[in-house]
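J.: Structure for the following, please:
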Amino acid sequence: MSMRSIQRQLITTVLLLELLSALAVTSIAYIHERHTVFHALDIMLRGQADSLLGAVQDAEDLDDNVMLNQADVHAPHRDQYLILDEKGRTLGSTALSGQFRLPPNMPTGSVVPMELDHHRYRAIVVHGSRWIDAAEPSGGLIRHVTVVYATPVNRAWSIIHQTVLFYALSSLLVMACTALWLLWSLRRTLAPLEGLARAATKLTAGSWKFEAPAQARATTELQPLVLALEQSIAGIEDAFRRQQRFVGDAAHELKTAVAVVKSSLQLVTIRQRTEAEYRTGIERCQQDILRLESLVQQMLLLARAEDTPDAAPAEVLPTCDLREMADAVVQQLTPVAAMQQVQILVDGPHLPAQIEPAQARTLLENLIANAIQFSPPQEAVLVSISGDAHHAMLAVRDHGPGVSAQEAAHIFERFWRGDPSRSRDTGGSGLGLSIVKAIVERWHGSIHVDHVQPHGAIFHVRLPLAGQTMQSASSASVKLQMTQSSGGVIIHES
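T.: Residues are numbered from 1 along each chain as shown. This is a model prediction of the structure:
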């Protein structure tokens with residue numbers, strides 16, 4: 001793909017416009033100058049013809065003829081003329097007058113072009129009359145005279161060409177000056193943009209420091225670009241840092257899990273053992289491998305949850321009834337809650353939220369399972385669903401140790417645990433709440449956690465509502481109460 005220069009395009013466009021303007025001005029100047037010069041030439045021709053007409057006088061002969069007084073003739077040597085009386089006799093002429101070819105019966109003042117001796121001339125025809133013996137009692141006689149006067153036009157065309165050439169050269173000079181000025185001005189104008197590009201090229205994987213030049217920041221047209229670059233670079237840096245941290249944490253977690261499996265195998269094979277000891281060791285290794293498999297699955301789930309979905313029309317956005325999904329997840333987690341001797345209570349109307357059902361299930365599973373894990377026996381986990389005109393809201397409350405302000409700042413980070421111990425029984429993977437946050441943010445929602453006095457924590461989730469109206473709940477709120485009974489959990493509706 002060929003490179004394009006904005007600077008070259010701007011200069012070319014401006015110069016092309018100036019060239020078109022110069023051609024237009026030169027054409028107008030040519031038309032105006034031609035009209036002016038030839039108009040002046042015609043006035044001069046009429047004056048010279050009238051002067052020759054005035055030089056015609058009485059011949060003082062018996063036939064009362066007229067004659068040309070040569071002493072009154074002051075025509076330039078390059079001009080040509082022919083003077084005829086009413087009988088067609090020549091009263092005066094020049095050397096080339098014999099080449100005059102005029103149409104018959106031309107009115108006085110007519111101007112015609114002609115060619116004499118291979119040169120272009122402009123001629124005028126003037127008809128006049130002279131009085132003979134005006135002092136006679138009879139009033140004298142009138143003699144009609146025709147004057148044809150011609151002058152070469154090369155001088156006039158020379159003046160026109162010089163004027164047009166002056167305009168053309170002046171336009172070219174202006175274009176040259178404009179090109180130089182544009183080159184200097186554009187380089188100076190584009191200097192902040194070039195500085196911005198140089199600052200951007202200094203960014204590397206190890207250095208994300210970006211300082212926009214002061215000139216670029218102070219330029220009105222470049223300020224939005226500066227802000228966009230700063231925001232984009234900050235977002236990319238944050239994503240890069242999170243990716244680095246995720247890779248490091250994942251490597252640490254996988255290394256720890258593999259080390260546990262390795263130590264379990266070494267413990268089994270370090271000496272000769274009984275069949276029961278081998279079976280116990282193998283079962284322990286299987287549990288470690290299952291925990292490692294669960295960690296890998298959660299890491300893949302987090303990666304998928306953070307993948308930005310493609311934009312879709314509003315009519316095809318997926319929806320999920322939060323109440324129905326909450327009921328399904330509670331039924332799924334019933335055995336876990338029974339083992340912890342924990343009740344789960346669900347309250348709220350049926351609300352359709354804009355979220356994929358599979359991800360809504362994952363969100364609810366992680367939040368409720370987390371609440372079950374931290375709830376002491378004989379306590380309850382409360383799942384509340386509510387909404388307003390634009391959002392569906394979900395709240396999951398436990399009665400565990402609660403969340404301090406310091407823990408709340410990190411609770412959604414990957415691999416973070418409030419309890420620093422990494423026990424295989426209680427440590428977990430530290431990815432559950434990170435997955436929840438990624439799912440909520442993917443669907444343009446929000447999540448935060450509050451500490452509840454005297455003990456407990458409540459997770460608040462806000463998701464876009466599908467449509468603008470909430471589905472009405474049943475006349476009586478439905479609560480799912482789980483009580484332990486003979487090794488199982490009974491679900492009551494009230």
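
J.: So residue 413: helix, strand or coil?
T.: Per DSSP: H, G, I helix; E, B strand; the rest coil, the local secondary structure of residue 413 is coil.

J.: For it, grab the count of nearby residues.
T.: When neighbours are counted by other Cβ atoms under 10 Å, residue 413 registers 17. Any C-beta I mention is one placed from the backbone N, CA and C, and that applies to glycine too.

J.: try residue 404
T.: Residues lying near residue 404 (other Cβ under 10 Å) number 12.

J.: so what's it up against?
T.: By Cβ atoms under 8 Å, 6 or more residues apart in numbering, the contact set of residue 404 is residue 451.

J.: and the closest residue to residue 55 other than its chain neighbours, how far is that from residue 141?
T.: Take residue 55 and drop its neighbours on the chain: the residue closest to it by Cβ to Cβ, 6 or more residues apart in numbering is residue 72, 3.6 Å away. Taking Cβ to Cβ, to the nearest Å as the measure, residue 72 falls 21 Å from residue 141.

J.: try residue 201
T.: Taking Cβ to Cβ, one finds residue 201 at 103 Å from residue 141.

J.: where's the closest residue to residue 413 other than its chain neighbours, which helix or strand?
T.: In space, and not counting its chain neighbours, residue 413 is closest to residue 434: 6.6 Å by Cβ to Cβ, 6+ apart. For residue 434, the host element (DSSP states H and E) is helix 432-442.

J.: Listing partners with orientation, what would you give for the next helix-or-strand element following that helix?
T.: Remark: after helix 432-442, the chain's next helix or strand is strand 446-451, criterion DSSP H and E. Its sheet considered, strand 446-451 pairs with strand 457-464 (antiparallel) by DSSP bridges.

J.: buried residues in the partner strand?
T.: Residues of strand 457-464 classed as buried by neighbour count (16 or more other Cβ atoms under 10 Å): 457, 458, 459, 461, 462, 463, 464.

J.: How about residues contacting stretch 61-73?
T.: 51-52, 54-59, 83, 85, 89, 91-92, 130, 132-133, 141, 143, 145.

J.: one more time with 7 Å
T.: For stretch 61-73, contacts defined as Cβ atoms under 7 Å, 6 or more residues apart in numbering pick out 52, 54-59, 83, 85, 91-92, 130, 132-133, 141, 143, 145.

J.: again with stretch 272-290
T.: With Cβ under 7 Å, 6+ apart, stretch 272-290 has contacts from 257, 260, 261, 264, 265, 267, 268.

J.: try stretch 219-238
T.: By Cβ under 7 Å, 6+ apart, the residues outside stretch 219-238 that reach it are 192, 193, 196, 200, 203, 208, 210, 212, 216, 217.

J.: quick one on the thing from earlier: sitting in helices, which of the contacts of stretch 61-73 do you find?
T.: Using DSSP state H, the members of the contacts of stretch 61-73 that fall in helices are 52, 54.

J.: The nearest residue in space to residue 112 that is not next to it in sequence is in what secondary structure piece?
T.: Residue nearest to residue 112 in three dimensions, not counting chain neighbours: residue 123, with 5.5 Å by Cβ to Cβ, 6+ apart. Residue 123 is located in strand 119-132, with elements delineated by DSSP H and E.

J.: Give the partner strands of that strand in its sheet and their orientations.
T.: strand 110-116 (antiparallel), strand 141-152 (antiparallel).

J.: what's the offset of whichever strand or helix holds residue 297 from the middle of its chain?
T.: Using DSSP H and E, residue 297 maps to helix 275-305. Distance of helix 275-305 from its chain centroid, counting by Cα atoms, centre = their mean, to the nearest Å, is 51 Å.

J.: Which helix or strand lies directly C-terminal to it?
T.: Next helix or strand after helix 275-305 toward the C-terminus (DSSP H and E): strand 320-321.

J.: packing partners for that following strand?
T.: Helices and strands touching strand 320-321, by 3 or more Cβ pairs under 7 Å, 6 or more residues apart in numbering; DSSP states H and E, are strand 352-353.

J.: coming back round to it: how about the strand holding residue 123, which residues are buried there?
T.: Buried residues in strand 119-132, defined by neighbour count with 16+ other Cβ under 10 Å: 121, 122, 123, 124, 125, 126, 127, 128, 130, 132.

J.: could you give me the average pLDDT of it?
T.: For strand 119-132, mean pLDDT rounds to 90.

J.: Stretch 275-288 now?
T.: Per-residue pLDDT over stretch 275-288 has a mean of 83.

J.: Give me the distance between the residue nearest the centre of the chain and residue 232.
T.: With the centre of the chain defined as its mean C-alpha position, the nearest residue by Cα atoms, centre = their mean is residue 225, 10.2 Å away. Distance, residue 225 to residue 232, using Cβ to Cβ: 10 Å.

J.: Tell me which helix or strand residue 386 sits in.
T.: Using DSSP H and E, residue 386 sits in strand 380-387.

J.: quick one: low-confidence parts of the chain?
T.: For the chain, the stretches flagged by pLDDT under 70 are 1-3, 62, 134-139, 249-250, 252-253, 256, 298, 302-316, 414-430, 467-494.
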